[in-house]
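**Student:** sequence below, structure please.
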Amino acid sequence: MSDLKQYVEKRKARDPEFAENYETGYLEFEIGVLLRQAREEAGLTQEEVAQKLNTKRSAISRIENHAEDVRLSTLGKYARVLGKKLYFSVG
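**Tutor:** Down below sits the predicted model:
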């Protein structure tokens with residue numbers, strides 16, 4: 001089981017509201033987690049990413065923790081800072 005799936009299962013078990021709203025909020029949650037994981041794999045702190053994006057650490061925290069309101073252009077910039085490419089799929 002992936003780290004993400006383990007986290008989701010643990011969070012659903014301890015947080016009834018999260019479990020109830022899981023399906024509708026899953027995509028936003030997953031984006032934030034994937035961004036955080038990619039940042040950590042790149043060996044960067046939130047502060048370092050913020051400096052590279054000319055913003056504040058709190059903005060990076062918001063992106064990683066509340067990704068439901070992130071602009072596509074911001075996601076692209078975030079990915080480039082990490083040396084990644086952003087891909088989307090509509091299915």
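
**Student:** drop to CA atoms for contacts and neighbour counts, all remaining ones
**Tutor:** OK.

**Student:** the spatially most central residue of the chain is in what secondary structure piece?
**Tutor:** Note on the chain: the residue nearest the mean C-alpha position is residue 32, at 1.4 Å, using CA atoms, centre = their mean. Under the assignment given by DSSP states H and E, the secondary-structure element containing residue 32 is helix 16-41.

**Student:** quick one: mean pLDDT over that helix.
**Tutor:** If you average the pLDDT over helix 16-41, you get 84.

**Student:** what's the following helix or strand after that helix?
**Tutor:** Past helix 16-41, further along toward the C-terminus, the next helix or strand under DSSP H and E is helix 46-52.

**Student:** now do that next one: distance to the chain's middle.
**Tutor:** Here the centre of helix 46-52 is set off from its chain's centre by 15 Å, with CA atoms, centre = their mean, to the nearest Å.

**Student:** against which helices or strands is it packed?
**Tutor:** helix 57-65, helix 72-81 (3 or more CA pairs under 8 Å, 6 or more residues apart in numbering; DSSP states H and E).

**Student:** quick one: mean pLDDT for that helix?
**Tutor:** Mean predicted lDDT for helix 46-52 stands at 98.

**Student:** so which bits of that helix are buried?
**Tutor:** 46-50 (16 or more other CA atoms under 10 Å).

**Student:** what sits up against that helix?
**Tutor:** With CA atoms under 8 Å, 6 or more residues apart in numbering as the test, helix 46-52 has contacts from 39, 56-57, 59-61, 78, 81.

**Student:** one more: stretch 60-75?
**Tutor:** For stretch 60-75, the surrounding residues in contact (CA under 8 Å, 6+ apart) are 28-29, 31-33, 35-36, 46-47, 49-50, 86.

**Student:** out of these, which comes closest to residue 2?
**Tutor:** residue 33 (12.1 Å; CA to CA).
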